[in-house]
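Engineer: Dropping the sequence and predicted coords here.
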Amino acid sequence: MFVLFCSDFYKIFIKPLDIGKKIDNNYGDVILVLGGGLRPKVRIGYSTEERLKLAVRLFKQKKRVIIISDGSLYKGSPAIRKIKDYLLKYNIKYKYILIEGKSQTTFDNCINAKNIIDKNHFKELIICTSPYHQKRTEMILKYLNFKRFKIAKMYNSEIYQSNSIKQRLRNFKLILREYFAIVKLKIFKK
């Protein structure tokens, strides 16, 4: 078993989950960034940061509104503020940032974002989420009857980089957790 964690064996399990597509300049009027949590000392989490980097790249390709969808188990969480500050640091103005800060799950993210999308009459949605999280996100969006969406391809993800056994274990845990979440979604539809 130890030998498996010294290799990149887990990468074979990511292939069915990584379904993102290249986004061209003509597609999309809104970007949805699914939050991925914070690290200790109130720093943006690895998953959140890679999703934000992708959103910034897509925004620079074509100015689109960015919806930040992240919540917290406690009131006054600094996650939304940190994420907003990250986008502002890359010269994305307030007028392009919408906040959805009530969600606790990916399912909640999608439901609450749908309300914002419908209210603002956005037509084409681009999703920024990590490769290991893309398949389940697609399943939820289809279940909620999202009509026009694409999940953006993430070319530089932490899930493909494993410089240590600790990182390999983290990646394997993320992938395994996602497979369990997909099974749960299929059974409970939530």
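Structural biologist: Yep, it's here. Numbers count the residues shown, from 1 in each chain.

Engineer: use CA for all of it now, contacts and neighbours both
Structural biologist: OK.

Engineer: where are the low-confidence patches of this protein?
Structural biologist: Scanning the chain for pLDDT under 70 picks out 1-7, 71-77.

Engineer: 80 - rerun?
Structural biologist: 1-10, 37-42, 71-79, 162, 190 (pLDDT under 80).

Engineer: residue boundaries of the strands in it?
Structural biologist: 30-34, 38-39, 43-44, 65-69, 97-100, 125-128, 149-151 (DSSP state E).

Engineer: what angle sits between the first one and strand 65-69?
Structural biologist: Looking back up the chat, that one is strand 30-34. Orientation check (axes from the mean of the first three to the mean of the last three CA atoms, to 10 degrees): strand 30-34 against strand 65-69 gives 20 degrees.

Engineer: Identify the residues contacting strand 30-34?
Structural biologist: 48, 51-52, 55, 64-70, 106, 109, 113, 122-129 (CA atoms under 8 Å, 6 or more residues apart in numbering).

Engineer: Is it possible to mark the buried ones in those?
Structural biologist: Neighbour-count burial (16 or more other CA atoms under 10 Å) is assigned, among these, to 48, 51-52, 55, 64-70, 106, 109, 113, 122, 124-129.

Engineer: pull the longest helix from this structure.
Structural biologist: Secondary structure of the chain per DSSP state H: the longest helix is helix 165-188.

Engineer: So which bits of it are buried?
Structural biologist: For helix 165-188, by 16+ other CA under 10 Å, it's Q167, R168, N171, F172, I175, E178, Y179, I182.

Engineer: any idea how far S164 lies from I12?
Structural biologist: Counting by CA to CA, to the nearest Å, the gap from S164 to I12 is 18 Å.

Engineer: what's the answer for G20, then?
Structural biologist: In this view, G20 and I12 are 16 Å apart by CA to CA.

Engineer: more crowded one of the two?
Structural biologist: Between G20 and I12, counted using other CA atoms under 10 Å, the more crowded position is G20 (20 against 8).

Engineer: Contact partners for L88?
Structural biologist: Y94 are the contacts of L88 under CA under 8 Å, 6+ apart.

Engineer: now the most centrally placed residue in the chain: how far from Y179?
Structural biologist: In the chain, the centroid-proximal residue (CA atoms, centre = their mean) is T129; its distance is 2.4 Å. Look at T129 and Y179: by CA to CA, they are 16 Å apart.

Engineer: what's the burial count for Q161?
Structural biologist: Q161 has 13 nearby residues by other CA under 10 Å.

Engineer: Next up, the contacts around it.
Structural biologist: Q167.

Engineer: Could you number the chain from 485 rather than 1 from now on?
Structural biologist: In the new count, where the first residue is 485, that last one comes out as Q645.

Engineer: Good, we can wrap up now.
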